[in-house]
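A.B. asks: coords please:
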Amino acid sequence: MRAAVRTGWRIGAAAAAALRGRAGRPLSQAAGEGGGAEGGGGGGSGSREAVERLVREHPVVVFMKGSPAQPLCGFSNAVVQILRLHGVEDYRAHDVLQDPDLRQGIKDYSNWPTIPQVYLNGEFVGGCDILLQMHQNGDLVEELKKLGIRSALLDAEKDQEKK
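C.D. replies: Residues are numbered from 1 along each chain as shown. Got it, this is the predicted structure:
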C-alpha cells in the first residue's frame, strides 16, 4: 500500500502543481477516453429533489465544469485525472456549465460553494482539494474499496513488487 500511496503522491503533486498554474497544460485533454457518462442537468432543474436523484443515481458522481473527455477548468481536470489514476471509469459526470439551475442547486444541496463536487455512494466527499488529499494519503483507495471498486494503484503496487 505504501508504494501505491508514494506513486499516487508523485502524480498528486503534479495535479497540485497544475492547479497552482505551474504546469503549462492540463494533465490530460485526451478526448473520448473513458470517464463515464456525461450528463447535463436535463431540464434545468436544480431543485433539491432533482439534485438528490442525480447524487444517488450511481456510486460515483461528479459535478464538474465540462466533461471527463474535456474538462473546462483545472480543478475539474484534476478530479478526472485522480479518478482515472485509480482506474475509476464507470461514474456519472454532470456538466454544471450546461445548466445554471443545476450549478446553483448542487451548491445549495451540499452547502459547498465550489465546483467540482464528488459524491461517493450518495455522500458528499468534497471538491478537488479533498479528493487530492484523500488520494495522497490513501483514503481514496479505502473509500473506493467500500464501493466495491479496486483502485488501479493497488495493481500498480503489485507490479512494482514483482520487479
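A.B. asks: Can you report how many residues lie near the nearest residue to residue 122 once chain neighbours are set aside?
C.D. replies: Once flanking residues are discounted, residue 122 sits nearest to residue 56: 4.5 Å by C-beta to C-beta, 6 or more residues apart in numbering. The C-beta positions use only the backbone N, C-alpha and C, and glycine is treated the same way. Residues within reach of residue 56, counting by other C-beta atoms under 10 Å, total 13.
A.B. asks: What's the mean pLDDT across the helix or strand hosting residue 143?
C.D. replies: Taking DSSP states H and E as the definition, residue 143 sits inside helix 139-146. Averaging pLDDT along helix 139-146 yields 97.
A.B. asks: and residue 111, how many neighbours?
C.D. replies: 7.
A.B. asks: quick one: the strands in this protein?
C.D. replies: Along the chain, the segments classed as strands by DSSP state E run 37-39, 60-64, 92-95, 117-120, 123-126.
A.B. asks: Need those in CSV (columns: distance to residue 105, mean neighbour count and mean pLDDT).
C.D. replies: Shown next, in CSV, are the strands of the chain (distance: least, C-beta to C-beta, whole Å; neighbours: other C-beta atoms under 10 Å; pLDDT from 0 to 100):
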stretch, distance to residue 105, mean neighbour count, mean pLDDT
strand 37-39, 14, 16, 42
strand 60-64, 9, 25, 98
strand 92-95, 11, 24, 97
strand 117-120, 11, 23, 98
strand 123-126, 13, 16, 97
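A.B. asks: No more questions from me, cheers.
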